[in-house]
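Undergrad: Turn this into a structure:
(chains A and B)
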Number of protein chains: 2
Amino acid sequence: MSKRKPLILITNDDGYHAKGIESLTEAMKGLGEIIVFAPDSPRSGMSSAISTSTPLRAKMIHQEEGLTTYICNGTPVDCVKLALNEFVDRKPDLLVSGINHGSNAGISVLYSGTMGAAIEGCIFEIPSIGFSLCDFHPDADFTATTQVAHSLAVKVLEKGLPKGVCLNVNVPVGEIKGVKITTQTQGKWVNEYKRSQDGAGRDIFWLTGNFENWDMDNELNDEWALANGYAAVVPVKIDMTAYDFVAELQKWEI
Amino acid sequence: MSKRKPLILITNDDGYHAKGIESLTEAMKGLGEIIVFAPDSPRSGMSSAISTSTPLRAKMIHQEEGLTTYICNGTPVDCVKLALNEFVDRKPDLLVSGINHGSNAGISVLYSGTMGAAIEGCIFEIPSIGFSLCDFHPDADFTATTQVAHSLAVKVLEKGLPKGVCLNVNVPVGEIKGVKITTQTQGKWVNEYKRSQDGAGRDIFWLTGNFENWDMDNELNDEWALANGYAAVVPVKIDMTAYDFVAELQKWEI
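TA: Presented below is the predicted three-dimensional model:
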């Protein structure tokens, strides 16, 4: 049997032109054949959204030895689904998403398009990782994150991931002290809107807000790791069942 | 202390004009004061998407004793966030979302705007339930689902739900045999696109597909319950951490 190079599918939610996905693509070079299949413009905060009533389009915009790039008018999950259903001729060995410009730690995993794509890869039984840097700047410095991404991709290509589990990786700004395996920090966003007025004087509301951490001092949390200079890796499950509560609920006699 | 009526927040992803949310609102009447805060048009498949770069607007379109209705230009999660941050003067005692026109069983919980809203309510520590009927028809018969919704709302108003847990309720078409407490069926969607051409002959792709159930005969699954004539209630956790895999991952030395 001839040994083919690993196939690596790359996507993101900031769009194909973002520095984060360029950095991630650089970090994957040498590890396998790369297909980039990314949104044609920013799709931040898209979670696992899918396009149910608009048609998708995709276009190849670049091809060189070992690297092919497509852009698509859909969400990050649309990109993964369309790539795997229609554009990729074998199952990828790895899916990496990002590097997101901005944190996806804590409950932000639920809103994140970057993680939506990784979760979708996981549904397809592809070892999948989402990467985010805690810096929204378009020209952010992705040096530390690309190093973590390269090391982790090598490990995951070697070891795989359990069925139904993907990884959410967040990296703090600047030099990092190391990598911590963590859990999803619980909390919520507060003061979420800035009210202003449109040209006609009507109220409009812009999303903003601060994250309120309910479990501040827990050293197993991803927010703790980030606040203390570590990259945080959370293993994320696609089965959202609250197994602990099934038996109790069965007693309710609905 | 004066005892105020429970406050019930209602939203959906099919839009305020859908029969499903009308039916759900009817089912909640008598249980408390109702605020409907729903998208101004369909937002199916929006998952937990949030609007990060467009401003939100909301408008009150109806008010009668015990019922106020607002419409909003955002996603289901935007509706919940905006209502709770800016329009509701006390914390709701219950959030109900739906009734969705179409199933949100199995992994569809991840794509569902109906469940995105319920998950958001749960983040706000409000007992929250998403309801879906396995019938896409705009004029579907919601009789059985409204009965389940009423009973379950009464129970949840009485007992509450654990922190971090909401409910995903799916109801089959027609008369039901009863209600089963279930888990999220694992599987994936296959054959997901129908390829056609636009007016200029360019390829376009429409989302479609069939659900492939990986665990067909498990009587604890929501898909099993639905296929056998039962309404299926899955308790859903907002903490997606794969705790089982944390210790193993810590051995990886990344």
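
Undergrad: all helices for chain A, in order.
TA: In chain A, the segments counted as helices under DSSP state H are A:19-28, A:76-82, A:113-123, A:143-159, A:222-227, A:243-250.

Undergrad: Okay, angle between the longest one and helix B:243-250 too, please.
TA: Okay, so that is helix A:143-159. Angle of helix A:143-159 versus helix B:243-250, following axes from the mean of the first three to the mean of the last three CA atoms, to 10 degrees, is 100 degrees.

Undergrad: follow-up on the earlier one: what would the helices of chain A look like in JSON lines with mean neighbour count and mean pLDDT?
TA: C-beta here means a position set from N, CA and C on the backbone, and glycine is covered the same way. Shown next, in JSON lines, are those (neighbours: other CB atoms under 10 Å in any protein chain shown; pLDDT from 0 to 100):
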{"stretch": "helix A:19-28", "mean neighbour count": "22", "mean pLDDT": "98"}
{"stretch": "helix A:76-82", "mean neighbour count": "30", "mean pLDDT": "98"}
{"stretch": "helix A:113-123", "mean neighbour count": "31", "mean pLDDT": "98"}
{"stretch": "helix A:143-159", "mean neighbour count": "18", "mean pLDDT": "98"}
{"stretch": "helix A:222-227", "mean neighbour count": "24", "mean pLDDT": "97"}
{"stretch": "helix A:243-250", "mean neighbour count": "14", "mean pLDDT": "96"}
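
Undergrad: Need the ones you listed in TSV (columns: distance to chain B).
TA: As requested, these are exported to TSV (distance: least, CB to the nearest CB, whole Å):
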stretch	distance to chain B
helix A:19-28	14
helix A:76-82	5
helix A:113-123	5
helix A:143-159	6
helix A:222-227	9
helix A:243-250	4
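
Undergrad: As JSON lines, these with distance to B:Ser112 would be great.
TA: Listed next are the helices of chain A as JSON lines, based on distance: least, CB to CB, whole Å:
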{"stretch": "helix A:19-28", "distance to B:Ser112": "27"}
{"stretch": "helix A:76-82", "distance to B:Ser112": "12"}
{"stretch": "helix A:113-123", "distance to B:Ser112": "13"}
{"stretch": "helix A:143-159", "distance to B:Ser112": "29"}
{"stretch": "helix A:222-227", "distance to B:Ser112": "25"}
{"stretch": "helix A:243-250", "distance to B:Ser112": "20"}
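
Undergrad: how many neighbours does the residue in the stretch 51-200 of chain A positioned nearest to chain B have?
TA: Closest residue of the stretch 51-200 of chain A to chain B, CB to the nearest CB: A:Pro55 (3.8 Å). Using other CB atoms under 10 Å in any protein chain shown, A:Pro55 has 17 other residues around it.

Undergrad: tell me the contacts of it?
TA: A:Pro55 sits next to B:196, B:198, B:204-206 when contact means CB atoms under 8 Å, 6 or more residues apart in numbering or on different chains.

Undergrad: Give me the phi and psi for A:Gly164.
TA: Backbone geometry at A:Gly164, expressed as degrees, to the nearest 10, gives phi 80, psi 10.

Undergrad: Quick check: closest non-adjacent residue to it.
TA: A:Ile238 (5.1 Å; CB to CB, 6 or more residues apart in numbering or on different chains).

Undergrad: same thing with A:Asn221?
TA: Leaving aside its sequence neighbours, A:Asn221 sits nearest to A:Thr185 (CB to CB, 6+ apart; 4.1 Å).

Undergrad: Thought A:Asp217 was touching that neighbour, still the case?
TA: No: A:Thr185 is beyond contact range of A:Asp217, at 11.1 Å (criterion: CB atoms under 8 Å).

Undergrad: And the two? Which one has more around it.
TA: Using other CB under 10 Å, the more surrounded residue of A:Thr185 and A:Asp217 is A:Thr185, with 28 against 7.

Undergrad: That one and B:Phe211: what is the separation?
TA: 32 Å (CB to CB, to the nearest Å).

Undergrad: Run through the residues of the stretch 1-150 of chain A sitting next to chain B.
TA: With CB under 8 Å from any CB of the partner chain as the criterion, the stretch 1-150 of chain A meets chain B at residues A:42, A:44-53, A:55-58, A:75, A:77-78, A:81-82, A:85-86, A:107, A:109-111, A:116, A:119, A:123-125, A:148.

Undergrad: and if we set it to 6 Å?
TA: A:44-50, A:52, A:55-57, A:81-82, A:85-86, A:109-111, A:123 (CB under 6 Å from any CB of the partner chain).

Undergrad: re earlier: need the per-residue pLDDT for the residue of the stretch 51-200 of chain A closest to chain B.
TA: Looking at A:Pro55, its pLDDT reads 96.

Undergrad: can you check the one 3 residues further on too?
TA: The confidence metric pLDDT takes the value 98 at A:Ala58.

Undergrad: separation between the residue nearest to it when sequence neighbours are not counted and A:Pro55?
TA: Computed as CB to CB, 6+ apart, the closest residue to A:Ala58 that is not its neighbour in sequence is A:Cys72, at 4.4 Å. Using CB to CB, one gets 11 Å for the distance from A:Cys72 to A:Pro55.

Undergrad: Also A:Gly98?
TA: Taking CB to CB, one finds A:Gly98 at 27 Å from A:Pro55.

Undergrad: A:Asn228 now?
TA: 47 Å.

Undergrad: Okay, strands next: where are they in the stretch 151-254 of chain A?
TA: Along the stretch 151-254 of chain A, counting by DSSP state E, counting those that start in this stretch, strands occupy A:165-171, A:178-181, A:187-190, A:193-197, A:203-207, A:210-213, A:230-237.

Undergrad: Pick the most buried one from these.
TA: strand A:165-171 (a mean of 28; mean count of other CB atoms under 10 Å in any protein chain shown).

Undergrad: Kindly format the C-alpha coordinates of it as CSV.
TA: The C-alpha trace of strand A:165-171 is given here as CSV (Å, rounded to 0.1, in the frame of the first residue of the first chain):
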residue,chain,number,x,y,z
VAL,A,165,-14.1,14.8,21.0
CYS,A,166,-12.4,17.8,19.5
LEU,A,167,-10.0,20.4,21.0
ASN,A,168,-10.5,24.1,21.7
VAL,A,169,-7.1,25.8,22.0
ASN,A,170,-6.8,29.4,23.2
VAL,A,171,-3.5,31.2,23.5
